[in-house]
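Visitor: Turn this into a model:
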Amino acid sequence: MKIGFIGMGIMGSRMAMNLLTEGYDLTISNRTKEKAQTLLDKGAKWADSPAELVSSVDLLFTMLSTPAAVEAVASGSKGFLQNISQGAVWVNCSTVDPDFTMQMAGLAEEKSVSYLDAPVAGTKGPAESGDLVFLVGGSEGDVSKCQPYFDCMGKKTVHLGEAGKGSAMKMLFNLMLGCTMAAYSETLVLGEALGFSKDDIGKVLLDAPVTAPFVKMKHPLIAANDFEEHFPLCWMRKDLHLAADAAYKSGIALPALNSIKEIYGLAEKQGLGRKDFAAIYQFLADESAR
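Guide: Have a look, this model is predicted:
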């Protein structure tokens, strides 16, 4: 199959590189061509626009930052859905909310295009090494058709049901991720105020059952004040907002989520949006020192 890939950010560029390395026929598009240059140097083809890209592919992956970014390239008079071939498969790996997913699935169906929502669990490192986990919603047949490509970019595929279920599970995943990171950051801030070093705290807590495994990877970076973006804080805030909005639409209250979401918002306002989401520690530590 001829593959198209739109979105050459932190995740998309690495996912696309794995497809290219495996020898697949790959055409890419991105808002800025400079971010795609490494892939082009390795043999990827370039399309000047999403609409141009889809005219020659059977399978399309999108990996974009927000629902608005997906909508901008997919729908409207210049969107790729106006130009995509009937029978093609669109796999949206972007983290979006279930309602938006159903909207896009409906637009795809109108064009006789299959749609999978397949957001991924994992950040920059797993994207580069091909160790992502795909959380997929859509028909079983379409999932089977795309399985070789999921296997190329990830270590596991979880088919969760109809369209929307992948996006819903990713929302739950990031809710846990963002809230846990904030909780551990507050633990470090309090521990330091009580006279412990980060190393002291880590020696006790990192192997304790109360601590999520991913924190072991983040702790050394926090200790070194290394907040290079693996998963930008601004996108974590966005994902927590999507979860809070879904909770509102479902008629349930999630007070802890809403409070933590606003902490990320304050951190972004302080200029930490393009740092890794572990920089929530830096924000809390700075606030406690004021």
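Visitor: Ends of stretch 199-211, what's the gap?
Guide: Distance between the boundary residues of stretch 199-211 (CA to CA, to the nearest Å) amounts to 15 Å.
Visitor: looking only at pLDDT, what's the mean for that stretch?
Guide: The predicted model gives stretch 199-211 an average pLDDT of 96.
Visitor: how's this structure carved up into domains?
Guide: Here the domain parsing of the chain from automatic domain parsing is 3-161, 168-289.
Visitor: most packed of the ones you listed?
Guide: Each of the domains of the chain was scored by mean neighbour count; the highest is domain 3-161, a mean of 19, by mean count of other CB atoms under 10 Å. C-beta here means a position set from N, CA and C on the backbone, and glycine is covered the same way.
Visitor: which residue is nearest the centroid of the protein?
Guide: Nearest to the geometric centre of the chain sits residue 95, at 5.0 Å (CA atoms, centre = their mean).
Visitor: can you tell me which residues contact it?
Guide: 119, 167, 170, 171, 174, 235, 238, 239, 242 (CB atoms under 8 Å, 6 or more residues apart in numbering).
Visitor: again, only using 6 Å
Guide: Going by CB atoms under 6 Å, 6 or more residues apart in numbering, residue 95 touches 119, 170, 239.
Visitor: Mind pulling the model confidence for it?
Guide: 97.
Visitor: cool, residue 78 as well?
Guide: 84.
Visitor: next one: residue 146
Guide: On the pLDDT scale, residue 146 gets 98.
Visitor: what's the closest of the contacts of residue 95 to residue 202?
Guide: residue 239 (26.3 Å; CB to CB).
Visitor: Please identify which helix or strand holds that closest one.
Guide: helix 233-249 (DSSP states H and E).
Visitor: before we move on, back to that, out of everything not next to it in sequence, what's closest to the residue nearest to the centre of the chain?
Guide: Of all residues not flanking residue 95 in the chain, residue 119 sits nearest, at 4.8 Å (CB to CB, 6 or more residues apart in numbering).
Visitor: For that neighbour, give me its contacts.
Guide: 93, 95, 135, 166, 170.
Visitor: can you rerun that using 7 Å?
Guide: With contacts defined as CB atoms under 7 Å, 6 or more residues apart in numbering, the neighbours of residue 119 are 93, 94, 95, 135, 166, 167, 170.
Visitor: where's it relative to residue 276, distance?
Guide: 19 Å (CB to CB, to the nearest Å).
Visitor: quick one, helices of the stretch 1-150 of the chain?
Guide: Along the stretch 1-150 of the chain, counting by DSSP state H, counting those that start in this stretch, helices occupy 10-21, 37-41, 50-54, 67-74, 98-110, 124-129, 140-153.
Visitor: Restricted to strands, list the contacts of residue 119.
Guide: Among those, the residues falling in strands (DSSP state E) are residue 135.
Visitor: circling back to that earlier point, pipe the helices of the stretch 1-150 of the chain into TSV and attach distance to residue 188 per row.
Guide: Converted to TSV, those look like this (distance: least, CB to CB, whole Å):
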stretch	distance to residue 188
helix 10-21	25
helix 37-41	36
helix 50-54	43
helix 67-74	33
helix 98-110	34
helix 124-129	22
helix 140-153	33
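Visitor: between these, which gets nearest to residue 184?
Guide: Closest among those, using CB to CB: helix 124-129, at 19.0 Å.
Visitor: Quick check: mean pLDDT of that closest one?
Guide: 97.
Visitor: what are the C-alpha coordinates of it, in CSV please?
Guide: This file holds the C-alpha atoms of helix 124-129, laid out as CSV (Å, rounded to 0.1, in the frame of the first residue of the first chain):
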residue,chain,number,x,y,z
LYS,A,124,9.6,10.5,22.0
GLY,A,125,11.7,7.6,23.0
PRO,A,126,9.2,4.8,22.2
ALA,A,127,8.2,6.6,19.0
GLU,A,128,11.8,6.5,17.9
SER,A,129,12.4,2.8,18.9
